[in-house]
Every structure is written in C-alpha cells, then in structure tokens.
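Asker: Pasting a predicted model and its sequence here:
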Amino acid sequence: MHKWQELDVVGTWSPARERPWLNQEVFDASECCNDKTNRFFVLMRALLGWQDQPTPFELFAYLFYWLAAVAVGFVMVRRA
C-alpha cells in the first residue's frame, strides 16, 4: 500500500505538509520498532507488512486483508 501512496494514487504524498488525512501518519514507532535497523521488525515487515509510521490508508488495508483472510479460512474450515 505504501508504494501506491508514494505514486500519489490516493492523494498527494510529497511534500508531507500537503498530504490529505488519508496519507498522514497515525503514530511513529520508529524509536523502538524501526524496520530499517531492528532485525525482528525487518522480518515482521517481510512477513506481515509492518510499518513503523503507518497511515490510515495502510491500517484500513491491513485490517481489510486480515478480515478477508479470516473469513476465507473460516469458510474453508466449515466446508472441510
């Protein structure tokens, strides 16, 4: 999702002060959970898409992804 934001698909990305609310960061966890320097969070980024400065767009997409994955898993288990 972050790449789509950088391409201005969901609004202005640069400069940061002109970003719409959908592209503003929600929180900043880069002090403790930086995915550039902390190896655990590098792994979390590769496996789960961890962002240390997520935007609402990324959080909505992540939530939708997991809801869809759980729903599909539930349906597959029920049919088995």
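Answerer: Nice, I can see it.
Asker: tell me the contacts of the closest residue to A29 other than its chain neighbours?
Answerer: Counting by C-beta to C-beta, 6 or more residues apart in numbering, A29 lies nearest to D52, which is 4.7 Å off, once chain neighbours are set aside. The way it works is simple: take the backbone N, C-alpha and C, and place the C-beta from them, glycine included. The neighbours of D52, taking C-beta atoms under 8 Å, 6 or more residues apart in numbering as the test, are D28, A29, S30, C33, N34, D35, F41.
Asker: For the residues you listed, give me CSV that also has distance to L59 and secondary structure.
Answerer: As requested, these are arranged in CSV below (distance: C-beta to C-beta, whole Å; DSSP: H, G, I helix; E, B strand; the rest coil):
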residue, distance to L59, secondary structure
D28, 14, coil
A29, 13, coil
S30, 16, coil
C33, 15, coil
N34, 18, coil
D35, 16, coil
F41, 17, helix
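Asker: will you turn these into JSON lines that also has neighbour count and pLDDT?
Answerer: Below are these laid out as JSON lines (neighbours: other C-beta atoms under 10 Å; pLDDT from 0 to 100):
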{"residue": "D28", "neighbour count": "10", "pLDDT": "86"}
{"residue": "A29", "neighbour count": "16", "pLDDT": "87"}
{"residue": "S30", "neighbour count": "16", "pLDDT": "85"}
{"residue": "C33", "neighbour count": "16", "pLDDT": "88"}
{"residue": "N34", "neighbour count": "13", "pLDDT": "88"}
{"residue": "D35", "neighbour count": "20", "pLDDT": "81"}
{"residue": "F41", "neighbour count": "20", "pLDDT": "91"}
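Asker: For the residue nearest in space to the middle of the chain, pull up the helix or strand it's in.
Answerer: Most central in the chain under C-alpha atoms, centre = their mean is E58, positioned 3.6 Å from the mean C-alpha point. For E58, the host element (DSSP states H and E) is helix 56-79.
Asker: For that helix, buried residues please.
Answerer: Neighbour counts using 16 or more other C-beta atoms under 10 Å place F57, E58, A61, Y62 of helix 56-79 among the buried residues.
Asker: Quick check: chain neighbours aside, which residue is closest to the first one?
Answerer: Using C-beta to C-beta, 6+ apart and skipping the chain neighbours, the partner closest in space to F57 is L22 (4.9 Å).
Asker: Thank you kindly, that will do.
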